[in-house]
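Need the 3D shape of this:
(4 chains)
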There are 2 protein chains.
Amino acid sequence: MPAKKPTAEDQTNESSLGGAIDAIMAAVEQEEGAMTDKKRRIVEAAIHCFAENGYAATATNTIARRAGVAEGTIFRHFETKKDLLIRLVRPLFSPSLLPLVAKELRTETERADGDLRTLMCTILANRLAFADRFAPLVRILIQEMRFHAELREAVAENFPVGLQIAADTVLKPYIASGQIRAVEPALFLRSVISLLVGYYVIRTEVLPAQEWDDEAEIGRIVDLMLDGLRPR
Amino acid sequence: MPAKKPTAEDQTNESSLGGAIDAIMAAVEQEEGAMTDKKRRIVEAAIHCFAENGYAATATNTIARRAGVAEGTIFRHFETKKDLLIRLVRPLFSPSLLPLVAKELRTETERADGDLRTLMCTILANRLAFADRFAPLVRILIQEMRFHAELREAVAENFPVGLQIAADTVLKPYIASGQIRAVEPALFLRSVISLLVGYYVIRTEVLPAQEWDDEAEIGRIVDLMLDGLRPR
DNA sequence: TAGATATGTAAGTGATTGCTTACATATGAA
DNA sequence: TTCATATGTAAGCAATCACTTACATATCTA
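Next comes the predicted model:
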């Protein structure tokens, strides 16, 4: 965090969103270019408020107060409230992030060296870590996607590409070598994603109090995917 | 940049909620008792607006206009806007609905007569039908749960019971008879629910244009759950 | 240095918010 | 009939909304 000015210290530093904010701010900065201290604090406050109370229920003056900034300053940096929302979420689709995910996938594939179980566990663990890293942004995106066509388009533009890469890199070789059944890639992807998202939601939203052993849980999920319910 | 104050017109998404509204109104009426014509139209309009644009982004006067009613009439029947929201969603937890689901489960179990695949397909198909039937309410509930403790409590109060029944009725006998592995009930439930929800979301939200054969898709999901990815 | 531009703010703007009030009419019990 | 209650509405309330304006100061360039 940058040096603090003694002037408007009051509202800024209270309960945060977890350590996630630093990684997020780095990603935002990469998209927005260099940011003044106040702009950075606006972004931070907006992410917090949108994630916490939703976009529609968050007033711009609430953001301003939380950022320790005059309300007008927000509109100096962002055309509208909606523009603020969109530019916050945009880093999730940044060229510096998405190809990185695809690249990670290839690294993981090589490293697993043909062991499908290891590969799937690694992939799921990494995606879980990604979700945690950008949790507030992901939360905002999922929450607001239904109401803002711009967000939906951004997802539609970027997501399928990643999925195709994933299916080609991960699934095909194993089907070709007969290690797994010739299941439809779409079904496979949908299932893995559903299981991971389901686990994530339960871990973070439904039963956050409970202690979770990610590695063990992912292992169980992968085993279930590989072997199914029936005994062998 | 021209002035662009977003008036509520922003996006009044048109179109319908499907035929679901009749079943929903019946459920609401059961909770609310006899309703005047205007009250019924308010409920209907509110469900439509909340589901389409979200609770926070829906103005009470928008609901009134859609219902063809004076705004004051809303507050004659509902104390506050939030009271309206809660009483709309409440029927989902009605004693006339939840036990019905549990009872359905037993019927399905008996009828499947030990054939696990048939049983799971039937259960998933019925839950999918339920979701379709109450789609707008379910949508509102899921969307607003994070922001309204009252809704969360209602879910926490009713959901676990249903899950326990499900696990006991469905899973235990099959584990006992060795037809499926001794998988944790929590993992099993979470997985089945995740897969079904994942399919539902993709079918209704992500790719609603595509043609979906529910029966076939459910069959594939169940096969995956039972046999896994590996060839036998 | 000058002056252009970027950044920041206090104090508004009209529109819209959820909700109330005052009053009318309809309904049902005595 | 009488009166009490239920239902409905138009008008209006203060608060809040997203956003602008007018003006100050900081920073950069020439």
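
any idea how far A:Arg181 lies from chain B?
Applying C-beta to the nearest C-beta, to the nearest Å, the value for A:Arg181 to chain B is 5 Å. Using the backbone N, CA and C atoms, a C-beta is placed for each residue, glycine as well.

That residue and B:Leu224 touch, don't they?
No: with contacts counted by C-beta atoms under 8 Å, A:Arg181 stays clear of B:Leu224, the gap being 9.2 Å.

So stretch A:46-59, near DNA strand C or not?
No: among the residues of stretch A:46-59, none lie within reach of DNA strand C under C-beta under 7 Å from any atom of the strand; the closest is 9.7 Å away.

what about that stretch, near chain B?
Yes: Stretch A:46-59 is in contact with chain B by C-beta under 8 Å from any C-beta of the partner chain, via A:53-54, A:56-57.

if we can go back for a sec, which of A:Arg181 and B:Leu224 has more residues huddled nearby?
A count of neighbours by other C-beta atoms under 10 Å in any protein chain shown puts B:Leu224 above the other of A:Arg181 and B:Leu224, at 23 against 16.

Can you tell me the closest non-neighbouring residue to the more buried one?
Leaving aside its sequence neighbours, B:Leu224 sits nearest to A:Ser191 (C-beta to C-beta, 6 or more residues apart in numbering or on different chains; 6.0 Å).

Which helix or strand contains that neighbour?
Assigned by DSSP states H and E, A:Ser191 belongs to helix A:185-201.

what about the closest residue to A:Glu71 other than its chain neighbours, distance to A:Glu32?
Of all residues not flanking A:Glu71 in the chain, A:Ala64 sits nearest, at 4.2 Å (C-beta to C-beta, 6+ apart). Noted for A:Ala64: a distance of 18 Å to A:Glu32, by C-beta to C-beta, to the nearest Å.

what does A:Arg152 give?
22 Å.

again, but for A:Ile42
In terms of C-beta to C-beta, A:Ile42 sits 11 Å off from A:Glu32.

higher neighbour count, those two?
More neighbours surround A:Ile42 than the other of A:Ile42 and A:Glu32, with 26 against 17 (other C-beta under 10 Å).

any idea how far the more buried one lies from A:His48?
A:Ile42 is 11 Å from A:His48, by C-beta to C-beta.

quick one, domains of chain A?
A:8-90, A:93-227 (automatic domain parsing).

which residues touch the closest residue in space to A:Leu124 that isn't next to it in sequence?
Once flanking residues are discounted, A:Leu124 sits nearest to A:Ile218: 4.8 Å by C-beta to C-beta, 6+ apart. The neighbourhood of A:Ile218, defined by C-beta atoms under 8 Å, 6 or more residues apart in numbering or on different chains, consists of A:121, A:124-125, A:128, A:199.

Let me know the closest of those residues to DNA strand D.
Distance to DNA strand D across the contacts of A:Ile218 (C-beta to the nearest atom of the strand) is lowest for A:Leu128, with 33.0 Å.

Show me how far the helix or strand where that closest one lies is from its chain's centre.
Per DSSP H and E: A:Leu128 is located in helix A:116-133. In terms of C-alpha atoms, centre = their mean, to the nearest Å, the gap separating the centre of helix A:116-133 from the centre of its chain is 13 Å.

just stretch A:71-85 next, same as before
23 Å.

how about the one helix or strand A:Arg106 maps to: buried residues?
Following DSSP H and E, the helix or strand that holds A:Arg106 is helix A:98-112. Across helix A:98-112, burial judged by 16 or more other C-beta atoms under 10 Å in any protein chain shown covers A:98, A:105, A:108-109, A:112.

Tell me which two of these sit farthest apart.
Spanning the widest gap among the buried residues of helix A:98-112 are A:Leu98 and A:Ala112, at 21.6 Å by C-beta to C-beta.

hang on, the earlier thing: three-state assignment of the residue nearest to A:Glu71?
helix (DSSP: H, G, I helix; E, B strand; the rest coil).

How about the contacts made by it?
Taking C-beta under 8 Å, 6+ apart, we find A:Ala64 in contact with A:42, A:45, A:70-71, A:73-74.

Okay, and which of these map to helices?
Of the positions in the contacts of A:Ala64, A:42, A:45, A:71, A:73-74 sit in helices, assigned by DSSP state H.

okay, the residues you listed in TSV with distance to A:Gln143 and pLDDT next?
Listed next are those as TSV, based on distance: C-beta to C-beta, whole Å; pLDDT from 0 to 100:
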residue	distance to A:Gln143	pLDDT
A:Ile42	20	97
A:Ala45	17	97
A:Glu71	24	97
A:Thr73	25	97
A:Ile74	20	97
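
Filter the residues you listed down to the buried ones.
Looks like these have A:42, A:45, A:73-74 buried, using 16+ other C-beta under 10 Å.

Quick check: the two most widely separated of these?
Once C-beta to C-beta is applied, those give A:Ala45 and A:Thr73 as the farthest pair, at 11.1 Å.

Ignoring the adjacent residues along the chain, who's closest to A:Phe130?
Counting by C-beta to C-beta, 6+ apart, A:Phe130 lies nearest to A:Val101, which is 7.1 Å off, once chain neighbours are set aside.

Let me know the pLDDT of the one you found.
Note for A:Val101: predicted pLDDT of 83.

what does A:Asp10 give?
On the pLDDT scale, A:Asp10 gets 29.

A:Asp214 is in contact with A:Ala125, isn't it?
Yes: counting by C-beta under 8 Å, A:Asp214 touches A:Ala125, with 6.7 Å between them.

which outside residues touch stretch A:33-51?
A:2, A:5, A:12, A:16-17, A:21, A:24-25, A:28-29, A:32, A:58, A:62-64, A:66-69, A:73-74, A:77-78, A:84-85, A:88, A:136-137, A:139-140, A:143-144.

Mind listing what's buried along that stretch?
For stretch A:33-51, by 16+ other C-beta under 10 Å, it's A:38-51.

ok, those residues vs B:Ala209, which is closest?
A:Phe50 (29.2 Å).

Return the distance of the helix or strand hosting the closest one from the chain's centre.
Assigned by DSSP H and E, A:Phe50 belongs to helix A:37-53. Put simply, helix A:37-53 sits 17 Å off its chain's centre (C-alpha atoms, centre = their mean).

residues touching the residue lying closest to A:Ala154 once chain neighbours are set aside, list them.
Using C-beta to C-beta, 6+ apart and skipping the chain neighbours, the partner closest in space to A:Ala154 is A:Phe93 (5.2 Å). A:Phe93 sits next to A:154-155, A:157-158 when contact means C-beta under 8 Å, 6+ apart.

Now, of those residues, which are buried?
Taking 16+ other C-beta under 10 Å as the criterion, what is buried in those is A:154-155, A:158.

So among these, where is pLDDT lowest?
Of all the buried ones among the contacts of A:Phe93, A:Asn158 has the smallest pLDDT value, namely 85.

What strand or helix carries it?
Per DSSP H and E: helix A:149-166 holds A:Asn158.

Give me the contact list for the helix or strand following that helix.
The helix or strand immediately downstream of helix A:149-166 is helix A:172-176, counting by DSSP H and E. For helix A:172-176, contacts defined as C-beta under 8 Å, 6+ apart pick out A:116, A:180-183, A:185.

buried ones in helix A:172-176?
Buried, per 16+ other C-beta under 10 Å, within helix A:172-176: A:174-175.
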